[in-house]
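Colleague: Fold the following, please.
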Amino acid sequence: MKHKNSKLWFRSVIVALICFVITAVLQLTGVFSFFENKTYDRRMIFASKYKTACNEISFIIVDQQSIDWAKENYGWNWPWPREAYGKMIDFISAGNAKSVAFDIIYTEPSVYGDEDDNALALAEGNSGIVVQALNVLVDYENGTEKGQEPIPKIKNAAAMLGAVVSSKDDDDIIRRGRLDYEFEGKVYPTLGTAPIFMQGEQDSLNDLPRLKDGTVLLRYQNDIDEYHPYSAYDILNSNDIYNGLVEPEEDEYYIEPDEFEDTYVFVAYYAPGLYDICSTPVSQVFPGVGVHITTLDNYLTDSFMRKASDILVYIWIFVLSLLASFFVAFSSTRNSQRLTVVFMAVGFIFGIALAIVLPYILFAKGIWLLLVAPFFAFFLSFLICVALSLSVEGKQKRFIKSAFSQCLSKDVVNQIMNDPSSFTLGGKNYQMTAIFTDIQKFSSFSELLTASQLGSLLNFYLTRMSDIIIEEHGTVDKYEGDAIVALVGAPVEMTDHASRACAAAIKMKKAEVVMNQEIVQIASSEKPADMEQDLYDAFKIMVANKKTIFTRIGMNSGEMIAGYFGSENKKNYTMMGNNVNLASRLEGVNKQYHTNGILISAATRDLFGDEFIVRSLDRVRVVNVNTPIRLYELLETREEASAELLQYVSDWEKAFAAFEAKEYERAAEQFKALSIQNENDNVVRYYLELLQNFFLKGKYPTDRDDVGVAYNPEDGVFKLMQK
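Modeller: Residues are numbered from 1 along each chain as shown. Reported below is the predicted structural model:
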């Protein structure tokens, strides 16, 4: 065994190494890039919940409300005169802001004339903190660049130019931000880092977690509105109030310039159709200025995403490959197949969860650990190890099956293969339900049929009935001629064994009706091509002699012993105990009470609620059992029960209660009424005969009366005289 286990662990290491190499090659060739980017985006959305917008950044938007207000109050059509932006600069500068960055490019002179451009340039010059935008159009096919920058007057008055060139991935999503951009031999800060250059802190950018291409991984807010943007209307209106040009209306909201003290201000278009839209991990319609705001935010809050090192990533890939193979190896050393499956399932779920959850947790903390490649490595390693395990175990099982199938039943062989440790003499105590069935007057069938015809008929019957028991998770113990001995609740323990057994019994009685109909139908027509001749002949003989199948079923629940019993050379899985014997007795008691076929004990009845319809019968002492038990006839599932049946059973319970209360005349009247409702109810007829022959005459049946029962008036219990 030690040698076998050592080979298993060695095989696991080899599989892990192979899976690691395969995954590493696929990762290096970029196979996982697309999928990794998609998981990156999902994680960014998740992580954005834990990111707070930097309160040192202010955002002013030229939205539709501002455009409408300016037209009404200033008579400005679109585009606005540039003096509007000059007023904004004056107002913000009066509050001692650190910078004002415009995500707007003034590439052409103002349509309102030179004075308008001069107004903006004057405001810029007086402020000394304005950053204007520079865009670069890149022709990747020809390898050329073309710059778009403000007209000289506005450009020269600005404190600095900031590039607005984005860094898109292959799927056009901006996950990374630029810190600077080189154009025509000169390095420009980006719009997001220009305020840092303006403060003279550009050297600190060298300490940021840059990728190989010099970009940084941005950590986005879920929405640009997290920065609580000011409307341009609020700024212009507040500027008029601040300069005494208008009087504020009562309770009118306006802003003081000092709200912008020590803040970094961005100004951008935000009206529909005006602003630049880009795709980011958190939104497909993210304002372009949001990328620059995010860059500055991440710098100020030290929250750029950090990519785990390649060494750490490949170590992680190998760890997950090894973990998967070790899970399978450990599970395969369990003695029980059930435990093996459970351990494998737990290991698989744990590994998959680890491969997904850990990258999510680290991402929320600002660390990007690859998810797809390690996940693939774990899955591949697990899959290969399971396949190898099944292949090896399959050979072992085929050997066991070949060795034992000649002397043991298929069910037992499967049990041995699933749990070799279970193949021991003796048994185990279970709470379960025993089922005994028998065909009424089957000996009369034997007189009419040949041995081969009888065998074919039994196979037809036993197959149908056994399948029903197995469908309800029952175990067929044995066949004794036409009788089936079965159990529910072992070798797999179950709490609903009584309900399953009752469901099986009802299905068996319904299947019996179908079988009898099939027998008549087939016997009256040509033999089906796929039917044995012996079975067809048996059907013909049964119909000719008016024989039908009627099954009696007895069931009892309680503690029983189930397991392998016999000798070392021959053993069978079976059950034993007093509760088993009682179930056997109840099968025969059906004949005494002339039931529709199913008798259960009170022990079985007490284990289910109102799932089934039953009717109460006597308290009896069966043969060789002194303790009295209550009998119940099982009739139907409550779900399938008709209103008529429910009413009939209710009336029965009243009549039976009168009988047990020794109100015999009242009971007789009620039983007679029931017999009129259902003249085929032989149980009612049985009680009417008892009443008429004994109880109404003031006497009780005894063992000398040859009616199958003896009544004890002291405890109200019937003693059954036959098995």
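Colleague: make it CA atoms for all contacts and neighbour counts henceforth
Modeller: Noted.
Colleague: how about the closest residue in space to I293 that isn't next to it in sequence, what does it touch?
Modeller: By the measure of Cα to Cα, 6 or more residues apart in numbering, the closest residue to I293 outside its immediate chain neighbours is G192, 5.8 Å from it. Taking Cα atoms under 8 Å, 6 or more residues apart in numbering, we find G192 in contact with 162, 179, 291-296.
Colleague: What separation do you get for G192 and L300?
Modeller: Noted for G192: a distance of 11 Å to L300, by Cα to Cα, to the nearest Å.
Colleague: Low-confidence bits of the stretch 301-450 of the chain, can you list those?
Modeller: 334-337, 392-426 (pLDDT under 70).
Colleague: returning to that earlier point: okay, the contacts of G192 in JSON lines with secondary structure and neighbour count next?
Modeller: Converted to JSON lines, the contacts of G192 look like this (DSSP: H, G, I helix; E, B strand; the rest coil; neighbours: other Cα atoms under 10 Å):
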{"residue": "G162", "secondary structure": "strand", "neighbour count": "26"}
{"residue": "L179", "secondary structure": "coil", "neighbour count": "24"}
{"residue": "V291", "secondary structure": "helix", "neighbour count": "28"}
{"residue": "H292", "secondary structure": "helix", "neighbour count": "28"}
{"residue": "I293", "secondary structure": "helix", "neighbour count": "26"}
{"residue": "T294", "secondary structure": "helix", "neighbour count": "23"}
{"residue": "T295", "secondary structure": "helix", "neighbour count": "25"}
{"residue": "L296", "secondary structure": "helix", "neighbour count": "27"}
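Colleague: Which strand or helix spans the nearest residue to A364 once chain neighbours are set aside?
Modeller: Using Cα to Cα, 6+ apart and skipping residues adjacent in sequence, the residue nearest A364 is A47, 4.5 Å away. Here A47, judged by DSSP states H and E, is contained in helix 33-47.
Colleague: got a list of contacts for stretch 255-268?
Modeller: By Cα under 8 Å, 6+ apart, the list of residues contacting stretch 255-268 reads 56-62, 91-104, 195, 234-235, 238, 242, 275, 289, 293.
Colleague: Sort out for me which of those are in strands.
Modeller: 57-62, 99-102 (DSSP state E).
Colleague: got TSV for these, with distance to D68 too?
Modeller: As requested, the ones in strands among the contacts of stretch 255-268 are exported to TSV (distance: Cα to Cα, whole Å):
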residue	distance to D68
I57	26
S58	23
F59	20
I60	16
I61	14
V62	10
S99	27
V100	24
A101	24
F102	21
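Colleague: State the pair within these that is farthest apart.
Modeller: V62 and S99 (18.0 Å; Cα to Cα).
Colleague: between those two, which one's more packed in?
Modeller: Taking neighbours as other Cα atoms under 10 Å, V62 and S99 compare with S99 leading, 27 against 19.
Colleague: which strand in this protein runs the most residues?
Modeller: The chain, longest strand under DSSP E: strand 551-566.
Colleague: what about V623, distance to N581?
Modeller: Relative to N581, and taking Cα to Cα, V623 is found at 10 Å.
Colleague: so what sits against both of those two?
Modeller: Joint contacts of V623 and N581 (Cα under 8 Å, 6+ apart) do not exist.
Colleague: And the strands in the stretch 301-450 of the chain?
Modeller: 306-307, 367-368, 426-439 (DSSP state E, counting those that start in this stretch).
Colleague: residues contacting F608?
Modeller: 496, 498-499.
Colleague: If we use 10 Å, what do you get?
Modeller: 496-500, 502 (Cα atoms under 10 Å, 6 or more residues apart in numbering).
Colleague: For ChimeraX, what selects the buried ones among the residues you listed?
Modeller: A single ChimeraX command is used to select the members of those judged buried by 16 or more other Cα atoms under 10 Å:
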select :497,498,499,500,502
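Colleague: got the angle between the longest strand of the chain and strand 426-439?
Modeller: Going by axes from the mean of the first three to the mean of the last three Cα atoms, to 10 degrees, strand 551-566 is angled at 150 degrees with respect to strand 426-439.
Colleague: buried sites along strand 551-566?
Modeller: 551-565.
Colleague: got it, and stretch 105-124?
Modeller: Per 16+ other Cα under 10 Å, stretch 105-124 contains these buried residues: 105-106, 109-110, 116-124.
Colleague: Show only the entries of these found in strands.
Modeller: Going by DSSP E, the strands hold none of those.
Colleague: Tell me the one of those residues nearest Y664?
Modeller: Nearest member of those to Y664, counting by Cα to Cα, is I105, at 107.2 Å.
Colleague: Next up, phi/psi of that closest one, please.
Modeller: Main-chain torsions, I105, degrees, to the nearest 10: phi -110, psi 120.
Colleague: same thing with M575?
Modeller: phi -130, psi 160.
Colleague: and what of S309?
Modeller: Dihedral angles for S309 - degrees, to the nearest 10 - are phi -60, psi 150.
Colleague: ok, how many other residues are close to it?
Modeller: 11.
Colleague: contacting residues around it?
Modeller: 315, 368-369.
Colleague: Let's see the ChimeraX selection covering just the buried ones among these.
Modeller: Selection of buried members from the contacts of S309 for ChimeraX, criterion 16+ other Cα under 10 Å:
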select :368,369
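Colleague: nearest to S331, of the contacts of S309?
Modeller: I315 (24.1 Å).
Colleague: Name the residue closest to the centre of the protein, please.
Modeller: Taking Cα atoms, centre = their mean, the centroid of the chain lies closest to I349, which sits 11.9 Å from it.
Colleague: State the distance from it to L339.
Modeller: 15 Å.
Colleague: Also N572?
Modeller: 24 Å.
Colleague: follow-up on the earlier one: possible to save the contacts of G192 as a markdown table with pLDDT and distance to A667?
Modeller: Below are those laid out as a markdown table (pLDDT from 0 to 100; distance: Cα to Cα, whole Å):
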| residue | pLDDT | distance to A667 |
| --- | --- | --- |
| G162 | 95 | 103 |
| L179 | 95 | 99 |
| V291 | 95 | 90 |
| H292 | 96 | 93 |
| I293 | 96 | 91 |
| T294 | 95 | 89 |
| T295 | 95 | 92 |
| L296 | 96 | 94 |
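Colleague: As TSV, those with distance to S325 would be great.
Modeller: Listed next are the contacts of G192 as TSV, based on distance: Cα to Cα, whole Å:
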residue	distance to S325
G162	53
L179	44
V291	43
H292	46
I293	46
T294	43
T295	43
L296	45
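Colleague: residue ranges with poor pLDDT in the stretch 551-700 of the chain?
Modeller: 568-569, 571.
Colleague: ok, 90 please
Modeller: 562-574, 609, 622-627 (pLDDT under 90).
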